[in-house]
Structure formats: C-alpha cells, structure tokens
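*Asks:* No letters, just coordinates:
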C-alpha cells in the first residue's frame, strides 16, 4: 500500500508577539481576536468554533510541541507554514521562528515554508 502525506496549512497569526499586527488586531492576540469576536451576518452562516485548546500562543515552542504531537497522533505529518513579507521585511514570523523551529520535536514533523508578500 502506498504511503500518503497529510498536511496542515498554518496561518501564522495566532500570536500577539508581532507589534506591526496591532493595526489588524488591536487587542494584541492576533487572529484570535477575529475568531472570538465573530458574529453571524446571516442565519445560514457557520461561525468558527471557539478554540478547544484556548487562545494559545503559537509562537510558544511548548504549544507547538503539543500541536506536533497531536497532529502526528491524528495522521498529519506535514506542516506548511505561510511565511510573509510586509513593509519590506518579514512579518508574522514568530510562529515559525520561535514556535515551530524552537519546538524540541520539530524534526518529527515535515515542514514546508511558502513565502507571500503583502503590499502596503
């Protein structure tokens, strides 16, 4: 039987460590602000669920170690990190640089990094 890879795409905005992100999420908790404040606009709309693990900081290596362990346990063996440039320098890189690369078990997970440029 052929072995398949199962990947999860990581949007690296679930941290408040990027000062320039305050223009988008003024509460200083990154994308969690959008998730927690989401309101239905139509009756049919499905909102994101509240986070089961809480509003964790994905720039914390201990959080990513847990997420790697859980992903592997459920068959996900690849993380694809979206990696941004904004205003001519890296943006939202803490989840990758501090979180994933700082996790003790990061070699257990395959990782790919996709670069995107945001314009200002």
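*Replies:* Received it, and whenever you're ready, just let me know what you need. These figures come from a predicted structure and were not determined experimentally.

*Asks:* Please count neighbours and contacts with C-alpha atoms only from this point.
*Replies:* Will do.

*Asks:* Quick one: residues contacting residue 9.
*Replies:* The neighbours of residue 9, taking C-alpha atoms under 8 Å, 6 or more residues apart in numbering as the test, are 79, 80, 81, 82.

*Asks:* Beyond the helix or strand containing it, next helix or strand please.
*Replies:* In the assignment (DSSP states H and E), residue 9 maps to strand 7-10. On the C-terminal side of strand 7-10, the closest following helix or strand by DSSP H and E is helix 32-37.

*Asks:* which residues touch that following helix?
*Replies:* Contacts of helix 32-37 from elsewhere in the structure, counted by C-alpha under 8 Å, 6+ apart, are 14, 25, 27, 48, 49, 50, 55.

*Asks:* at 10 Å instead, please
*Replies:* With C-alpha atoms under 10 Å, 6 or more residues apart in numbering as the contact definition, helix 32-37 has outside contacts at 13-16, 24-27, 38, 47-51, 54-57.

*Asks:* Name only those of those residues that count as buried.
*Replies:* The neighbour-count test (16 or more other C-alpha atoms under 10 Å) applied to the contacts of helix 32-37 identifies 13, 14, 15, 16, 25, 55, 57 as buried.

*Asks:* The fourth one contacts residue 24, doesn't it?
*Replies:* Read that as residue 16. No - with contacts defined as C-alpha atoms under 10 Å, residue 16 does not count as touching residue 24, sitting 11.0 Å away.

*Asks:* Now for those two: what residues contact both?
*Replies:* When contacts are counted by C-alpha under 10 Å, 6+ apart, the set common to residue 16 and residue 24 consists of 30, 31, 33.

*Asks:* All set now, cheers.
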